[in-house]
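Trainee: sequence plus the predicted model coming up.
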Amino acid sequence: MTPANNSDTNGPAPDEADIYQAELLDAEIHLTIDTGDGGKRRGWLFYLHILAFVFGAGLLVLLVREVGVAPVFDALRQVGGGFFVLLAIAAARHCLRTFSMSLAVAPEHRRFTFWQAFTTRLAGETISFFTFTGPVLGEATKAALLRKRVPLASGVQALAVDNLLYNLSVAVFISSGACVMLATYRLPAGARVPLVVIAAGMTLVIVAVSVAVVSDMMPVTAAVDYLIRRRVKGRWLASKREHFRRVEANVYDFYKHRPAAFFAMFACDFLAHATTVAEVYIVFGMLGFEPSARVAYIIDSLTKVVNLVFGFVPATIGVYEGGTGFILRTLGYATLTGVTIGIVRKASMIVWALIGLAMLVRHTAPDAARKLFDRHPRLRQLMDNLVLSNMTHRPARTFVSVLGVGVGVLLIVFTVGLAHGVLRERGRRESEVGAEIMMRASGTTGMSGTQRFTLPVARADEVQKIAGVRVAVAVGQNTDASDTGFGLRVVDGVEFERYARLSGIHIVEGRALEGGDEAIVDTVWSGEHKAKAGDRVKVFGREFELVGIYEPPGGGRIKIPLATMQDQVGSTGFCTAILVSCANPSEQEAVAARIHEAFPDDQIIFTRDLPELYATGVPALNVFIDVVVGVAAVISLLVILLAMYTTVTERTRQIGVLKSLGMSSAGVAWIIEQEALVVSLLGVLVGFALTLAARAVVMRLTSLTVDIEPRWLLVSLLIGLLGGTVGALYPALRAARQDAVEALSYE
């Protein structure tokens, strides 16, 4: 064997650099094929990767459709904040693998910190995870990023040793997991045979590598020689045979020259596998199962088989989740459980892959930007623009200014969207009770839950006799404090049998209302509060018995007997509204005209108009929105004012230079205004993004509705730009009035 030549400590020799670049091109040998005319066409392996990705994505869609979307989301909600625990476990795994990779580098060449090695590993793993080239380009990326601090030859050898030992530990892990499953489960022959093949195959690999490491055998080189003799890629393999032999020799010499590092790396790899087992164990517990270390060990070892076989599928999409589902079903669990575990673990991988992508950008962006500017001088001129240079000179201040304007936009759009969304949702529920017409007493103001009980209940019987009316029902509505103590909820008082005829609601659990302190709730409320018939619910400050759960939802989510509601407000014999259902809904205008003719003093409202009436018919809300808009405008103005004032103060000497070179006062002021407008525009865009994120979180975690209205997006845009313009006006004028001589002498 030829030992590794690690004498170069100052960087790779020129021939090594050429070899490295050639190897990067060779990594694409199956992705591109020379056409003979200087061009390239895609190789069959590239299209195979694309086909594999499409297959995996389709498989994932089929799996989710098979088990159902709702059960998957319910299971993911069970994980909840525990997902951060999984991210922490994954972080520990990456740290162990980073330490192993660092140990593989010879001490005299280890000119990097742990953080630099950690970010390098994450960047390389991101390439392996997302791209069609997988580990080939991923390992090349690690070598390229390490090249600045480690000689190329040493870096390539270290990565080869690290991968060999890790794959050897994977083989041990898979073989032991298959043996544990064979020993502890009674499996049909269809399941036992593949497990025996897996265990035997992995054991054979372990033995072969172990013999090669401790002896002078070189199986990879022997395999290359065999393929050359068989003329399988013979010309290419013959040109690379010496390279294969040299790399293999260096890998095996690692054991002989550095046994302590060899076994320490092995230990790190097995500890990394232990973290994946812990991950499965914890997810099992989060999903409500009795966690078992044995089951977690088996699941994780067999999912590594899936990763090994389908490693060419980008992100192992579909096949990883499907494989986990199949393994869990073989162990006696539901396929849904396996798919959920696979999705949760994949989500953790994606998060760390995105972090790795950020690290890759951080490593490569400066060189890429420099090359881009060298090729495109106009971009360099753009970046040299005074406005952009001012913004990039103090990135922290620019970021805070953008964020300040964004918060103002968030305050406007999200607050208005939440207020209008909640009211429209309430109006929508009111409009879906099965009535086309709502009748209220004359002089009634406000919306549901805020009216006085002034309409006689007997009026419903009179309305019932009008031609075209199918059923008329008296209802009473009042507001009560919510369970959280924040906000109000509407409670309906109804005569159940008559109300059921109008709305079509029916009891799905328990019984109907009879009288006294009884309540029924809809299925949405019972699901959110985990309530069932027989529980107690607090309404109006006292305990009510929850006697039933009804569907479909409509009106207030909690309903109590009308007589109980009347006793609560002290208005026996009165209600807040009469709901009218027409025999023919298409004739509701004619029916409404007859009702108005019979009772000219009462208010007639079509329920179809309720959503917009709720959103626009609350005077106090409109005042509140005006206050919010004013506060947001002031925030934007002050943020820009302070930022631009600070800019002018810091750049007094630069302003003096500009004026001494002939720039006019108007030109100086316009530079300040331009910067303010750019910051304001960026702040508005950030505010839109924050609003969408807040909306998604609120609607996912609560039953609240947030409507993002285009009109208010435009209002927030105008306020942001106007606030930025006005806020920068004083600093711009101050800069314009500065005397050039005094500015140049400013300290």
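Mentor: Yep, it's here.
Trainee: how about the helices in the stretch 1-150 of the chain?
Mentor: Taking DSSP state H, counting those that start in this stretch, the helices of the stretch 1-150 of the chain run over residues 14-26, 44-67, 69-79, 82-104, 114-130, 135-146.
Trainee: need the ones you listed in CSV (columns: mean neighbour count and distance to residue 611).
Mentor: The way it works is simple: take the backbone N, C-alpha and C, and place the C-beta from them, glycine included. What follows is the helices of the stretch 1-150 of the chain, written out as CSV (neighbours: other Cβ atoms under 10 Å; distance: least, Cβ to Cβ, whole Å):
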stretch, mean neighbour count, distance to residue 611
helix 14-26, 13, 61
helix 44-67, 15, 33
helix 69-79, 14, 26
helix 82-104, 19, 36
helix 114-130, 21, 44
helix 135-146, 21, 53
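Trainee: of those, which approaches residue 443 most closely?
Mentor: Residue 443 sits nearest to helix 69-79 of all the helices of the stretch 1-150 of the chain, at 46.6 Å, using Cβ to Cβ.
Trainee: picking up where we left off before, residue 287: which of the helices of the stretch 1-150 of the chain is closest?
Mentor: The closest of those to residue 287 is helix 69-79. By Cβ to Cβ, the value is 5.7 Å.
Trainee: just the residues contacting the closest one, thanks.
Mentor: By Cβ atoms under 8 Å, 6 or more residues apart in numbering, the residues outside helix 69-79 that reach it are 64, 86, 283, 286, 287, 288, 336, 337, 339, 340, 343, 344.
Trainee: wait, is residue 508 part of a strand?
Mentor: Yes. Residue 508: assigned to a strand according to DSSP: H, G, I helix; E, B strand; the rest coil.
Trainee: that one contacts residue 551, doesn't it?
Mentor: Yes. Here residue 508 reaches residue 551: they are 5.5 Å apart, a contact under Cβ atoms under 8 Å.
Trainee: residue 468 is nearest to which of the helices of the stretch 1-150 of the chain?
Mentor: Nearest of the helices of the stretch 1-150 of the chain (Cβ to Cβ): helix 69-79, 41.0 Å.
Trainee: pLDDT on that closest one, on average?
Mentor: Mean pLDDT, computed over helix 69-79, is 71.
Trainee: measure residue 567 to residue 538 for me?
Mentor: Distance, residue 567 to residue 538, using Cβ to Cβ, to the nearest Å: 17 Å.
Trainee: apologies, that question was intended for residue 592.
Mentor: Counting by Cβ to Cβ, the gap from residue 592 to residue 538 is 38 Å.
Trainee: settle it for me: which of the two has more neighbours?
Mentor: The neighbour comparison of residue 592 against residue 538 (other Cβ atoms under 10 Å) goes to residue 592, with 19 against 12.
Trainee: rewinding a little: columns distance to residue 155 on top of the helices of the stretch 1-150 of the chain, output as JSON lines?
Mentor: Below are these laid out as JSON lines (distance: least, Cβ to Cβ, whole Å):
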{"stretch": "helix 14-26", "distance to residue 155": "9"}
{"stretch": "helix 44-67", "distance to residue 155": "26"}
{"stretch": "helix 69-79", "distance to residue 155": "39"}
{"stretch": "helix 82-104", "distance to residue 155": "9"}
{"stretch": "helix 114-130", "distance to residue 155": "10"}
{"stretch": "helix 135-146", "distance to residue 155": "4"}
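Trainee: which of the ones you listed comes out lowest on mean pLDDT?
Mentor: Note on these: helix 14-26 shows the lowest mean pLDDT, a mean of 42.
Trainee: thought residue 110 was touching residue 104?
Mentor: No. Assessed by Cβ under 8 Å, residue 110 is found out of contact with residue 104, at 9.7 Å.
Trainee: pretty sure residue 490 sits in a strand.
Mentor: Yes. Counting by three-state DSSP, residue 490 is part of a strand.
Trainee: wait, it touches residue 477, no?
Mentor: Yes. At 5.7 Å, residue 490 and residue 477 qualify as touching, with contact defined as Cβ under 8 Å.
Trainee: between those two, which one's more packed in?
Mentor: Between residue 490 and residue 477, counting by other Cβ under 10 Å, residue 477 is the more crowded of the two (22 against 19).
Trainee: got the phi and psi for that one?
Mentor: The phi/psi pair for residue 477 (degrees, to the nearest 10) reads phi -130, psi 140.
Trainee: OK, contacts around it?
Mentor: Residues near residue 477 by Cβ under 8 Å, 6+ apart: 448, 449, 451, 490, 491, 492, 493, 556, 576, 577.
Trainee: the longest helix along the chain vs helix 44-67, what angle?
Mentor: Counting by DSSP state H, the longest helix found in the chain is helix 335-375. Per axes from the mean of the first three to the mean of the last three Cα atoms, to 10 degrees, the angle that helix 335-375 makes with helix 44-67 is 140 degrees.
Trainee: please name every helix or strand in contact with helix 335-375.
Mentor: Applying 3 or more Cβ pairs under 8 Å, 6 or more residues apart in numbering; DSSP states H and E, we find helix 335-375 packed against helix 44-67, helix 69-79, helix 82-104, helix 114-130, helix 259-286, helix 319-330, helix 377-383.
Trainee: could you rerun that using 6 Å?
Mentor: Packed against helix 335-375, as judged by 3 or more Cβ pairs under 6 Å, 6 or more residues apart in numbering; DSSP states H and E, are the following elements: helix 44-67, helix 69-79, helix 82-104, helix 114-130, helix 319-330.
Trainee: quick one: residue 556 from residue 159, how far?
Mentor: Residue 556 is 65 Å from residue 159, by Cβ to Cβ.
Trainee: now do the buried residues in the helix or strand hosting residue 205.
Mentor: Secondary structure from DSSP states H and E places residue 205 in helix 189-214. Of all the residues in helix 189-214, those buried under the rule 16 or more other Cβ atoms under 10 Å are 195, 198, 199, 202, 203, 205, 206, 209, 212, 213.
Trainee: from the contact counts, what lies against the next helix or strand after that helix?
Mentor: Counting by DSSP H and E, the next helix or strand C-terminal to helix 189-214 is helix 219-229. Helices and strands touching helix 219-229, by 3+ Cβ pairs under 6 Å, 6+ apart, are helix 234-257.
Trainee: next, the angle helix 189-214 makes with the helix it packs on.
Mentor: Counting by the same axes, to 10 degrees, helix 234-257 lies at 70 degrees to helix 189-214.
Trainee: tilt between helix 234-257 and helix 259-286?
Mentor: 100 degrees.
Trainee: how distant is helix 234-257 from the center of its chain?
Mentor: Taking the mean of its C-alpha atoms, helix 234-257 sits 44 Å from the chain's own mean (Cα atoms, centre = their mean, to the nearest Å).
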